[in-house]
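[1] Below are the sequence and a predicted model for it; my questions follow.
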Amino acid sequence: MLDEEETLAYLRLAKAGDGAAKEYLLSNNTSLLKSILRRYLGKGVEYDDLFQLASLGFLKAIAGFDESFGVRFSTYAVPMIAGEIKRFLRDDGSVKVSRAMKKTARDLNRYIESFSIAHGRQPDVKELAEAFHMEEGDVVLALGSSKMPVSIYEQIDYKDDKATSLADKLPAKDGQEEMLDRMVLKEAIEKLPERERKIVFLRYFRDMTQSEVAKAIGVSQVQISRLESKIMAQFRKDLSG
């Protein structure tokens, strides 16, 4: 990728109508485009189509960028690129996926209600997975789909914690880096072992206390507390670069 000074020089040419400068900027930022579009692989859109969407978002970023913003071009371009892809997914396919997920969540919640009446307790994740012939991780994702925040910055009321969002557990960052932080955080969650990933979803997307998570996972509350501290330390490390 070009350094910031070179990028600004080519941006000035591109905004003045130099097509070759646009192509040069695009070809030298393919790694940025790929790092964003790979977050949306597996959602029913071919890689080449995602790349075209990312490229369109990048060109829109060139047209809309203003040096007076006082931010790096890449910081401005990331949400433009991601937004272009998200709009396409929202309008051309993501609704079906969302409906299927919501139906699964409704079925799981109905089962939980009937199980609770019959047994005097809620089923744990393992029991739900066995009853629905699903992977435990898929159960957690389905149950969390009805409450999953739009971003780590959405406000949530926790039962046993003063923090109101997942971001409150992480170091404060400049708002200009918010989108990049989200991308890094998502990747960090995906890299976690299955058990630790469950803890994150149950704690921050299902609004469960450490004691409730401990019961669902089958460990002690002290172990959950330690694991959560370990996870957050890793997130801090990933976000700090």
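    Received, thanks.
[2] so residue 208 makes contact with residue 202?
    Yes: between residue 208 and residue 202 there is a contact under CB atoms under 8 Å: 4.7 Å. Backbone N, C-alpha and C define where each C-beta goes, glycine included.
[3] What does the pLDDT read for residue 196?
    Per-residue confidence at residue 196 stands at 84 (pLDDT).
[4] meant to ask about residue 206
    With respect to pLDDT, residue 206 scores 66.
[5] same question, residue 146
    Residue 146 is given a pLDDT of 48.
[6] from what I can see residue 64 touches residue 80, true?
    Yes: between residue 64 and residue 80 a contact is recorded at 7.1 Å, counting by CB under 8 Å.
[7] Settle it for me: which of those two has more neighbours?
    Comparing residue 64 with residue 80 by neighbour count (other CB atoms under 10 Å), the higher total belongs to residue 80, at 21 against 12.
[8] what helix or strand does the more buried one sit in?
    helix 73-92 (DSSP states H and E).
[9] hey, what's in contact with both of residue 208 and residue 202?
    residue 216 (CB atoms under 8 Å, 6 or more residues apart in numbering).
[10] and those two? which has more neighbours close in?
    Legend: neighbour count by other CB under 10 Å for residue 208 and residue 202, higher for residue 202 (23 against 20).
[11] starting at the chain centroid, how far to the host helix or strand of the more buried one?
    Per DSSP H and E: residue 202 is located in helix 194-204. Remark: helix 194-204 is offset 14 Å from the chain centroid, using CA atoms, centre = their mean, to the nearest Å.
[12] Remind me what it packs against, helices and strands.
    helix 136-144, helix 178-191, helix 210-217, helix 221-239 (3 or more CB pairs under 8 Å, 6 or more residues apart in numbering; DSSP states H and E).
[13] try it again with 6 Å
    Applying 3 or more CB pairs under 6 Å, 6 or more residues apart in numbering; DSSP states H and E, one finds that helix 194-204 contacts helix 136-144, helix 210-217.
[14] Would you indicate which residues of it are buried?
    Neighbour-count burial for helix 194-204, counted by 16 or more other CB atoms under 10 Å, picks out 196-204.
[15] swap in stretch 44-56?
    Buried, per 16+ other CB under 10 Å, within stretch 44-56: 45, 50, 52-55.
[16] Output those as JSON lines; include the columns distance to residue 131.
    Below are the buried residues of stretch 44-56 laid out as JSON lines (distance: CB to CB, whole Å):
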{"residue": "45", "distance to residue 131": "33"}
{"residue": "50", "distance to residue 131": "36"}
{"residue": "52", "distance to residue 131": "42"}
{"residue": "53", "distance to residue 131": "39"}
{"residue": "54", "distance to residue 131": "40"}
{"residue": "55", "distance to residue 131": "45"}
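[17] shaky segments in the chain?
    1, 69, 91-101, 137, 140-141, 143-188, 205-207, 235-241 (pLDDT under 70).
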